[in-house]
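Peer 1: Just a sequence and a predicted model for now, questions to come.
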Amino acid sequence: MSILKTNAITDASGGNTTTINGYTPTMSNMAGRNRIINGDMRIDQRASGASTTPSASGYHTVDRFGVFFSQVSKLTIGQNLDAVTPPTNFTNYLGTKTASAVSVAAGDYFFSQHVIEGFNIADLGWGTANAKTVTLSFKVYSSITGTFGGAVLNNGSARSYPFSYIISSANTWTDVSITIEGDTSGTWLTNNGVGMYIRFGLGSGSTFTGASGAWTTGNYVQPTGSVSVVGTSGATFYITGVQLEEGSVATPFEHRMYGQELALCQRYYEVLYNDSGTTGIFVLQYGSGVFRANWFFKQDKRASATVALASGASWGGATPSIQGGISEARLDASSGTYSIGTANTPSLYAAAEL
């Protein structure tokens, strides 16, 4: 039988640090400090590494990172787009390239965005006098140089903290660390709604830009005067290693186990049926006057899920009635055998994105 041995040692400040079997926990090796899900861009359930030039804002590639814009088809995005070498100890990044240069007007905006659920920032106490300081860190690579920017916002996009950072060397991975004092004002949700938006600006007009380095009232994407990636045709912007943690110091990126990261992503999006470009057939079970199929989710969803076919997919036969819940989806139909045909992957999915 092994015995867990602990010893208390006193640090210079007089506090106690517990050593477990000779191992001393520190801020840089404690698990669970990163509030970002899929910050290393490993999980890509939707596209499996394929790139796209989206015609609508939303989630298109790596899980939990969406792209939003006021002009369509100006950006090409994808996991490991252009196949540059990722930074040391990383294998993936989210790539963005300007497909067509934009002359940004006052009301234009282009940005990638990560949303943190309210439950996952509840302990930060934002919106109160006890709001805690956080540090946002990430690694970026761009074909252009200059002062770039982004913003942190609350659920109503009524409170913003635009931030700036510098990329001084083109086509080189740059480490960025930004410390942000917690917001003592505004409304910050602590439930399963939007707790916090984190935006990485790619170019925005005066309506969506503001002063850097301070909390303000407004809906901003990046600071005034920061680089517009979309202003240059073919310009690239790659990002990985995104981490948000409590405190004023950026610690090394928290690499979670792949299965754990996938499960965290599946709370918001999950592939239910994947036929890899062929036609799949399934049989519905008769019950209560209808034929019924149930899909039980691998992970409970954040909220009742929207269950739908991927773009380009089609049902064999009439479209069944689909109901998505938190833990399962139910399909009701008037016949006993259905098929899904598509050239896309995946075919059927459940989404409860923020």
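Peer 2: Sure, I can see it.
Peer 1: Low-confidence stretches in the stretch 101-250 of the chain?
Peer 2: For the stretch 101-250 of the chain, no stretch has pLDDT under 70.
Peer 1: What is the strand or helix carrying F200 packed up against?
Peer 2: Take DSSP states H and E as the rule and F200 turns out to sit in strand 194-204. Here strand 194-204 touches strand 109-117, strand 146-153, strand 222-223, strand 236-246, going by 3 or more Cβ pairs under 8 Å, 6 or more residues apart in numbering; DSSP states H and E. C-betas here are computed from N, CA, C, even on glycine.
Peer 1: mind putting the ones you listed in CSV, mean neighbour count included?
Peer 2: Shown next, in CSV, are the helices and strands packed on strand 194-204 (neighbours: other Cβ atoms under 10 Å):
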stretch, mean neighbour count
strand 109-117, 23
strand 146-153, 23
strand 222-223, 26
strand 236-246, 23
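Peer 1: can you tell me the helix or strand for the nearest residue to S160 once chain neighbours are set aside?
Peer 2: Counting by Cβ to Cβ, 6 or more residues apart in numbering, Y220 is the residue found nearest to S160 once chain neighbours are left out, at 4.1 Å. Assigned by DSSP H and E, Y220 belongs to neither a helix nor a strand.
Peer 1: Quickly note the distance from Y220 to N154.
Peer 2: Per Cβ to Cβ, to the nearest Å, Y220 is found 12 Å from N154.
Peer 1: Pop the domain breakdown of the chain in here.
Peer 2: Domain segmentation of the chain under automatic domain parsing yields 65-264, 267-351.
Peer 1: Mean neighbour count, these: which tops it?
Peer 2: Of all the domains of the chain, domain 65-264 has the most neighbours on average by mean count of other Cβ atoms under 10 Å, namely a mean of 19.
Peer 1: in its sheet, what does the next helix or strand after the strand holding F200 sit against?
Peer 2: Downstream of strand 194-204, the next assigned helix or strand under DSSP H and E is strand 209-210. Sheet pairing for strand 209-210, assigned by DSSP bridges, gives strand 222-223 (parallel).
Peer 1: where exactly do the strands run in the stretch 1-150 of the chain?
Peer 2: Here the stretch 1-150 of the chain has its strands, by DSSP state E, counting those that start in this stretch, at 6-10, 16-20, 65-69, 75-79, 94-98, 109-117, 134-142, 146-153.
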